[in-house]
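Participant: Sequence plus the predicted model coming up.
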Amino acid sequence: MSEYQDHVRRSLEGQHVDPDAGLSMDAMRWTPAAVTDEATDAAMSAAAEHAHELLNRAVEAYSALVFDVLGDGTHHLVVSVAAPGHEFLEGQHLTAMGGAVIMDEAEALRFCAALAAGMVECARGGLVVRSFGRDGAEWVRGWAVRNGWLRPLTEDQVREAYSADDPGAALPPEPGVEYRQAERVPRPAQDRAETDDREASRTAPRDNRPQNRRN
């Protein structure tokens with residue numbers, strides 16, 4: 001198990017990094033998280049289960065984006081998340097060629113952990129991808145993290161999100177960079193089935209027959 005995987009595991013189990021240890025991978029040391037009287041076994045178990053669900057959800061969204069949407073080329077991904085008291089920013093480089101993807105596993109794990117943080121109900125998150133084609137073309141797409149998934153942004157929204165600095169002041173567009181409408185990221189089969197059920201229940205005609213004559 002890599003050190004970062006151990007970091008994720010310990011975090012999900014309710015431990016945190018020693019604040020005096022620094023942030024470098026080599027300096028990671030661990031101490032138990034503080035436990036209060038309100039932190040019952042049931043509550044801690046539920047919190048850990050919810051954290052696992054969010055991480056699994058983030059991995060599903062990430063995998064669908066990387067393998068079904070990005071396409072061939074070299075891609076630079078950045079996810080940013082704003083949550084109460086915390087901000088997360090993670091970047092990753094990867095290359096896709098004919099269905100094969102070359103990436104750094106530790107980068108992918110960090111990226112998915114940050115994406116999971118953006119799926120917490122009180123958080124706001126966004127994901128921007130800058131792609132480089134073999135013909136020298138460069139283009140940018142973006143997605144908002146909403147309702148536990150990735151919602152595609154329009155060309156104008158991507159341009160606005162990508163061409164602003166930290167204070168929010170607009171920056172001039174970079175020459176040769178194309179801003180594109182982002183593609184829809186396919187949802188898991190279970191999500192699609194639940195959506196179909198909701199749509200069917202909304203569109204089904206009302207049955208006005210007497211109760212004893214139905215079916």
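Facilitator: Structure's in. What do you need?
Participant: What's opposite residue 80 in the beta bridge?
Facilitator: Listed beta-bridge partners, residue 80: residue 89, residue 126 (assigned using DSSP bridges).
Participant: State the distance from it to residue 88.
Facilitator: To residue 88, residue 80 is 7 Å away according to C-beta to C-beta, to the nearest Å. Every residue, glycine included, has its C-beta placed from N, CA and C.
Participant: now do residue 64
Facilitator: According to C-beta to C-beta, residue 64 stands 21 Å off from residue 88.
Participant: can you check residue 141 too?
Facilitator: Separation of residue 141 from residue 88 (C-beta to C-beta): 20 Å.
Participant: Same drill for these two, tell me which one is more crowded.
Facilitator: Neighbour tally, residue 141 and residue 88, criterion other C-beta atoms under 10 Å: the higher count belongs to residue 141, 24 against 18.
Participant: Tell me what that one is bridged to.
Facilitator: residue 129.
Participant: Contacts only, for it.
Facilitator: If a contact means C-beta atoms under 8 Å, 6 or more residues apart in numbering, then residue 141 has 128-129, 131, 152-153, 158, 180-183 as its contacts.
Participant: of the residues you listed, buried ones?
Facilitator: The neighbour-count test (16 or more other C-beta atoms under 10 Å) applied to the contacts of residue 141 identifies 128-129, 131, 152-153, 158, 180, 182 as buried.
Participant: Output those in CSV; the columns should cover distance to residue 74, pLDDT and secondary structure.
Facilitator: Below are the buried ones among the contacts of residue 141 laid out as CSV (distance: C-beta to C-beta, whole Å; pLDDT from 0 to 100; DSSP: H, G, I helix; E, B strand; the rest coil):
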residue, distance to residue 74, pLDDT, secondary structure
128, 15, 93, strand
129, 11, 94, strand
131, 7, 95, strand
152, 21, 97, strand
153, 21, 96, coil
158, 18, 88, helix
180, 16, 94, coil
182, 18, 96, coil
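Participant: got the contact list for the one helix or strand residue 117 maps to?
Facilitator: Take DSSP states H and E as the rule and residue 117 turns out to sit in helix 105-118. The contact list for helix 105-118, computed with C-beta under 8 Å, 6+ apart, reads 2, 4-5, 8, 51, 54-55, 57-59, 61-62, 77, 79, 81, 83, 86, 88-94, 123-127, 145.
Participant: go with 7 Å
Facilitator: Applying C-beta atoms under 7 Å, 6 or more residues apart in numbering, the set of residues contacting helix 105-118 from outside is 2, 4-5, 8, 54-55, 57-59, 61-62, 77, 79, 81, 83, 88, 90, 92, 123, 125, 145.
Participant: Fine by me, we can end here.
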